[in-house]
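K.L.:
3D, please:
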Amino acid sequence: MRKFFFLGLILLSRFALMGNIIEVGPGNEFTSLDQAYHAAQPFDTLLLKAGTYPVISLELKKPITILSNQGAILDGESQSYILKVLSDDVYISGLTFINAGRSYTKDFAAIYVSRANRFTIVNNRILDPFFGVLMEKSHKGVISNNTITANRIREDDSGNGIHAWHSSDLLIQNNEISGLRDGVYLEFVENSVVLGNNSHNNIRYGLHFMFSNHDHYLNNTFRENGAGVAVMFSKFIEMKGNHFVQNWGTASYGLLLKEIYDAEVENNIFEENTVGIFLEGSTRINYTGNEFVQNGWAIKVSGGCYTNIFSRNNFISNSFDVSYNSKMNDNLFEGNYWSSYSGYDLDKDKVGDVPYRPVKLFSYVVNKTPETIILLRSFFVDLINFSERVSPVFTPDNLVDNAPAMKRFSND
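P.N.:
The predicted structure follows:
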């Protein structure tokens, strides 16, 4: 894939331009990272021995590799940034970052990247930062296999684990992020890949991105975040193979889509969320091969959602499969599996002979008056749902799956 091609170019450039190796630590000429960096030539490698190195806002203004295979710790002493990457071709690996600064007026980060290209941040541990990795106007970067953890409890007292602004061609891969405000936050980020990350127990979102086009979010896990994942004001987005699980709360969801256009939502698992997917103002999106399992609402559709297609999805044991807030429908639900479907298949073609209406009248009632949710399992609710199915008055009369599947799709 072209999306991964730049990763190979970064790694090849490291080998082609590698300079001298300078060992840093006790018993060597340089015992501090600051001294070693200023003595190094472009493309040299600084190899840190085990130990704790005080580092306060060290500006990397030349191509350099900083790494350790012995557990070196960079201590920011709670004052400011720790490392500031201000040059192309910087490689940082194998380090532990502690005590980055914290501020209500500045976005202090363990690693700050500004106007840099071809940078790599891999196999590091960042403990209790304000921001973990913060990137601005930077391109062709790899942020991979890092662990970024904190234990924040308030949004105003925490930054984001991985934060990118006005950047492009990023690969954010196989990171574990927890306890921050947002696990990953992207704004005005183009042509980038978020792959295989585990973002969990964050205060607000596991992933939050806005005004970011032509991006790919693949095989990530978003678990027990305050409000799941938010995707806003973006187009040409691919979201495949992700797992949205146990994002619970009065305003929580697995995936929020707001003002999204021309996207693919495919082969994801939405399991035990308050709302699996919440759509608002989102158009021309294909939802294919997804699993909606034991959510409060599998799908909630708000205003301004047109020409979306839902096919080959499994809806299993959700309290509500589909919820609408109006009688208008311009979306196609065709060929899905619904565990609550009770129709028959006399011609044995694996398609139900009776169309299925996934929108229940009671879901409309709950949208208007949330307190009525306490009646969910009552006979009264079954009665009004049956009456609406026979003669639709409040729910979209053309929202019908005319080819409901009789068996659950494997979607492998």
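
K.L.:
following the host helix or strand of residue 184, which helix or strand comes up?
P.N.:
Using DSSP states H and E, residue 184 falls within strand 182-190. The first helix or strand that comes after strand 182-190 along the chain, using DSSP H and E, is strand 193-195.

K.L.:
Partner strands of that next one and their direction?
P.N.:
Looking at strand 193-195 with DSSP bridges, its partner strands are strand 162-173 (parallel), strand 215-218 (parallel).

K.L.:
Quick one: distance of that strand to the chain centre.
P.N.:
Centroid separation between strand 193-195 and its chain, computed with Cα atoms, centre = their mean, to the nearest Å, is 9 Å.

K.L.:
Equivalent analysis for stretch 82-96, please.
P.N.:
Between the mean C-alpha point of stretch 82-96 and the mean C-alpha point of its chain there is a distance of 24 Å (Cα atoms, centre = their mean).

K.L.:
Start and end of it, how far apart?
P.N.:
Across stretch 82-96, the terminal residues are separated by 11 Å (Cα to Cα, to the nearest Å).

K.L.:
Next up, the contacts around residue 198.
P.N.:
Taking Cβ atoms under 8 Å, 6 or more residues apart in numbering as the criterion, residue 198 is in contact with 175-177, 220-221, 223. Quick note: C-beta positions are derived from backbone N, CA and C, even for glycine.

K.L.:
Mind checking which of these land in helices?
P.N.:
When DSSP state H defines the helices, the subset of the contacts of residue 198 inside them is empty.

K.L.:
and residue 401, what does it touch?
P.N.:
The contact partners of residue 401, by Cβ under 8 Å, 6+ apart, come to 333-336, 338, 355-358.

K.L.:
Pretty sure residue 36 sits in a strand.
P.N.:
No. For residue 36, which was evaluated using DSSP: H, G, I helix; E, B strand; the rest coil, the result is helix, with no strand membership.

K.L.:
confidence score at residue 364?
P.N.:
Per-residue confidence at residue 364 stands at 60 (pLDDT).

K.L.:
oh sorry, the question was meant for residue 328
P.N.:
Predicted confidence (pLDDT) at residue 328: the value is 72.

K.L.:
That one is in what secondary structure piece?
P.N.:
When the helices and strands are read off by DSSP H and E, none of them contains residue 328.

K.L.:
Tell me how many other residues surround it.
P.N.:
Each residue near residue 328 was counted by other Cβ atoms under 10 Å, and the total is 13.

K.L.:
measure it to residue 302 for me?
P.N.:
With distances defined as Cβ to Cβ, to the nearest Å, the gap from residue 328 to residue 302 amounts to 11 Å.

K.L.:
One more: residue 340?
P.N.:
23 Å.

K.L.:
Was I right to think residue 312 contacts residue 409?
P.N.:
Yes. Distance between residue 312 and residue 409: 5.3 Å, which falls inside the contact criterion (Cβ atoms under 8 Å).

K.L.:
Look up the residues that both of those two are in contact with.
P.N.:
In contact with both residue 312 and residue 409: residue 289, using Cβ under 8 Å, 6+ apart.
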